[in-house]
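Peer 1: starting from these lines, generate the structure:
(one chain, ligands or ions: 1)
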Amino acid sequence: SADEILEKRKRFLNPAMFLYYKKPVNIVEGKMQYLYDETGRRYLDAFAGIVTVSVGHCHPEVVGAVVRQTQLLQHTTTIYLHHAVADYAEALVQRMPGDLKVVYFVNSGSEANDMAMLMARLYTGNFDIIALRNAYHGMSPATMGLTAHSTWKYNVAQGFGVHHVLNPDPYRGPYGTDGKLYANDISNLIESATPGQVAGFFAETIQGVGGAVELAPGYLAAAYDIVRKAGGVCVADEVQTGFGRTGSHFWGFETQGVVPDIVTLAKGIGNGLPLAAVVTTPEIASVMAQRLHFNTFGGNPVCSVAGHAVLNILDKEKRQDHCAVVGDHLLRRLKTLQDKHTIIGNVRGRGLMLGVELVTDRQTKTPAKEETAILMDKMKDLGVLVGKGGRYGNVFRIKPPMCFSIDDADFLVDALDYAMSRL
Ligand code: PMP
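Peer 2: Modelled structure (predicted):
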C-alpha cells in the first residue's frame, strides 16, 4: 500500500528524495498521458515525469524497441561496435542545424552539462563561464554551480569560475520584454569580473525548473554575440525545450533565431529511459580527442533504440504540430481563466511548455506560494497532476506528454477553474 511504501522510503531512502503532495500518489501504471494508482484511479499527467515522457507513458513503439533490444543485447559499452548508437547519432544530428553534427552520449542532463562545461573550457582555453540567474542545469558538483536557484543550492564550495547574470524574465525583470537590454549585463560582467575572455555561456530558452520563464525576445542573439566576441562558446540547454515541445520549432533555441555551438539534451530524448547527449561541431568535438573519455552506460543499445524510436514517433505522429495546436488552445483557455481569477498573475510559455504564475496581488506580484501548494493538492484530488516551480515555488508547470489532447487541456483548465473557485 501507499502507506507501506512511504514507511519504507522513510526508513531506507535518503531524505533528500522528496515527494510531491501531502498524501503522495502511488503510481503503478502509465498509458500515454494517463497514470493509474493502486486503486485503478486515473490521473491526467500534465507533468510527464518532469518533462521526460515525451511521446507518452509506455508508448507501444518505444516499449517494442526496448523489449526487442533487451532480449538481444543489453550492454557492452561503446568499446565494441554496435549499430544502435551509430544509427541513432545519425538520426539525431539530422535534426540539428548548422555544423552541430557530433554526439557524445551520457545518461543525465547533469552529465551532459558537465561535459559541455569541459568542452567549452578545453576548446577556448578560457575558464570563466556565464549562466543565468533562475537557471537549472543539474545537481552534479559542477552543474550545481551553474544552477542559480536557491532551492537547489547547498552551502558548500561550488561553481568555481561560474558567474550568473540578470535573468531576462519579461514578467519580473527590470527591462520587460527588451532582450537586448538584459544582455548588457553580460558585457558588464565580462568587463568587471573576468579577464575579458570567457569559456562559455549557458542558457535554457524557456527556463523549466525556474517556472516556464521564456527569455525576452532578442536576448539570445545579443548574448551569443557578446559571448563570442569574448572568445566563448554558446551552449543551449535543450533538456526540457527540445523535440518540438514548443510547437513552433523543433529546438527551443530556434525560437530566438540562434544556432548554438554546443547543445545538451536529456529527459524527453529517451521517453523515460536514462539517456542524454552533448551535440557539438566537429571542431569543438576534436578537443576531446586529446584524451580518452569514457562513460559506461552512455550510448548503450537499449537506450539508443529507445531514443531512435522517440525520433521516429515524433515524425510519424506529427507531435510538433500537435503541440502547437493543443498548446495554443491551452494557453488561450488559461488566459481566459486569468480574467476570472485574480490569483493568476501571469500565463506564459509555448506549445506544451506552459507556466501559470500565482500572486496574492497583481500590482506587487507577491508570490502566492501557499495557495499554489493548496491548489496543486486540489488538482491532484480532481485527477490532474501538474508541476510546481519558479523562484518562489508559485508557478504551475504544465508540460504533459506530447500526446496530450484538446479534451485533456479542457479537463485541466476546468479542474483549475473549479479548484480556484473554491480556494
Ligand atoms: N537541465 C535542465 C534544463 C533541467 O531541467 C534538468 C533537470 N531538471 C537538468 C539539466 C539536469 O538533468 P538531470 O536531472 O537528468 O541530471
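Peer 1: quick one: residues contacting Gly208.
Peer 2: Val51, Tyr136, Val239, Gln240, Thr241, Met353, Gly389, Arg397, Lys399 (Cβ atoms under 8 Å, 6 or more residues apart in numbering). For the C-beta atoms, the positions are set from N, CA and C on the backbone; glycine is no exception.
Peer 1: which of those fall in strands?
Peer 2: Using DSSP state E, the members of the contacts of Gly208 that fall within strands are Met353, Gly389, Arg397.
Peer 1: need those in CSV with distance to Met115 and neighbour count, can you?
Peer 2: Shown next, in CSV, are the ones in strands among the contacts of Gly208 (distance: Cβ to Cβ, whole Å; neighbours: other Cβ atoms under 10 Å):
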residue, distance to Met115, neighbour count
Met353, 24, 25
Gly389, 25, 25
Arg397, 26, 24
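Peer 1: list just the nearest of those residues to Gly40.
Peer 2: Of all these, Arg397 has the smallest distance to Gly40: 26.8 Å, by Cβ to Cβ.
Peer 1: unless I'm mixing things up, that closest one is touching Leu352, no?
Peer 2: No - counting by Cβ atoms under 8 Å, Arg397 sits too far from Leu352 to count as a contact (11.0 Å).
Peer 1: looking at the ones in strands among the contacts of Gly208, which is nearest the ligand?
Peer 2: Gly389 (9.4 Å; Cβ to the nearest ligand atom).
Peer 1: check the closest one and give its pLDDT.
Peer 2: On the pLDDT scale, Gly389 is placed at 96.
Peer 1: contacting residues for it?
Peer 2: The contact partners of Gly389, by Cβ under 8 Å, 6+ apart, come to Gly208, Val209, Gly210, Gly211, Ala212, Gly355, Val395, Arg397.
Peer 1: now do the third one against Leu132, distance only.
Peer 2: Think Gly210. Note on Gly210: its distance to Leu132, by Cβ to Cβ, to the nearest Å, is 8 Å.
Peer 1: which of those two has more neighbours?
Peer 2: Shown here are Gly210 and Leu132; by other Cβ atoms under 10 Å, Leu132 has more neighbours (29 against 24).
Peer 1: what's the neighbour count on the residue nearest to the more buried one when sequence neighbours are not counted?
Peer 2: Nearest residue to Leu132, sequence neighbours excluded (Cβ to Cβ, 6 or more residues apart in numbering): Asn167, at 5.0 Å. As a burial measure, Asn167 scores 23 neighbours (other Cβ under 10 Å).
Peer 1: could you pull out the helices for the stretch 151-300 of the chain?
Peer 2: 179-193, 219-229, 282-285 (DSSP state H, counting those that start in this stretch).
Peer 1: give the contact list for the one residue in the stretch 101-250 of the chain that gets nearest to the ligand.
Peer 2: Taking Cβ to the nearest ligand atom, the ligand has its nearest neighbour within the stretch 101-250 of the chain at Gly109, 2.3 Å off. Residues near Gly109 by Cβ under 8 Å, 6+ apart: His137, Gly138, Asp237, Val239, Thr264, Ala266, Lys267, Ala276.
Peer 1: keep only these that also lie close to the ligand.
Peer 2: Near the ligand, judged by Cβ under 6 Å from any ligand atom, the entries from those are His137, Gly138, Asp237, Val239, Ala266.
Peer 1: state the pLDDT value of the closest residue to Phe404 other than its chain neighbours.
Peer 2: Using Cβ to Cβ, 6+ apart and skipping residues adjacent in sequence, the residue nearest Phe404 is Gln33, 5.1 Å away. Among the per-residue scores, Gln33 shows a pLDDT of 98.
Peer 1: give me the neighbour count for Gln33.
Peer 2: 20.
Peer 1: repeat that for Asp87.
Peer 2: 13.
Peer 1: likewise Gly272?
Peer 2: Gly272 has 23 nearby residues by other Cβ under 10 Å.
Peer 1: show the contacting residues for it.
Peer 2: Per Cβ under 8 Å, 6+ apart, neighbours of Gly272: Gly49, Thr52, Val53, His57.
Peer 1: 6 Å - rerun?
Peer 2: Taking Cβ atoms under 6 Å, 6 or more residues apart in numbering, we find Gly272 in contact with Thr52, Val53.
Peer 1: distance of it from the ligand?
Peer 2: Distance of Gly272 to the ligand, given as Cβ to the nearest ligand atom, to the nearest Å: 12 Å.
Peer 1: torsion angles phi and psi at that residue?
Peer 2: Dihedral pair for Gly272: phi 120, psi -10, per degrees, to the nearest 10.
Peer 1: ok, Tyr43 next?
Peer 2: phi -120, psi 140.
Peer 1: same check on Gly349?
Peer 2: Taking degrees, to the nearest 10, you get phi 120, psi -170 for the backbone angles of Gly349.
Peer 1: look up which residues are beta-bridged to it.
Peer 2: Beta-bridge pairing for Gly349 (DSSP bridges): Leu354.
Peer 1: for the stretch 201-350 of the chain, what lies in contact range of the ligand?
Peer 2: Glu204, Gly208, Val209, Asp237, Val239, Gln240, Ala266.
Peer 1: pull the most distant pair out of those residues.
Peer 2: Farthest pair in those, by Cβ to Cβ: Val209 and Ala266, 12.9 Å.
Peer 1: mean confidence for the helix or strand hosting Leu330?
Peer 2: Counting by DSSP states H and E, the element that carries Leu330 is helix 319-340. The predicted model assigns helix 319-340 a mean pLDDT of 98.
Peer 1: and that helix, which residues are buried?
Peer 2: Within helix 319-340, the residues that count as buried by 16 or more other Cβ atoms under 10 Å are 319-320, 322-324, 326-327, 330-331, 333-334, 337-338.
Peer 1: then stretch 77-96?
Peer 2: Thr78, His82, Ala84, Val85, Tyr88, Ala89, Ala91, Leu92, Arg95, Met96.
Peer 1: please compute how far that stretch lies from its chain's middle.
Peer 2: The chain centroid and the centroid of stretch 77-96 are separated by 23 Å under Cα atoms, centre = their mean, to the nearest Å.
Peer 1: now do the phi/psi pair for the residue nearest to Glu29 when sequence neighbours are not counted.
Peer 2: Using Cβ to Cβ, 6+ apart and skipping the chain neighbours, the partner closest in space to Glu29 is Tyr36 (4.3 Å). Per-residue torsions, Tyr36: phi -130, psi 140 (degrees, to the nearest 10).
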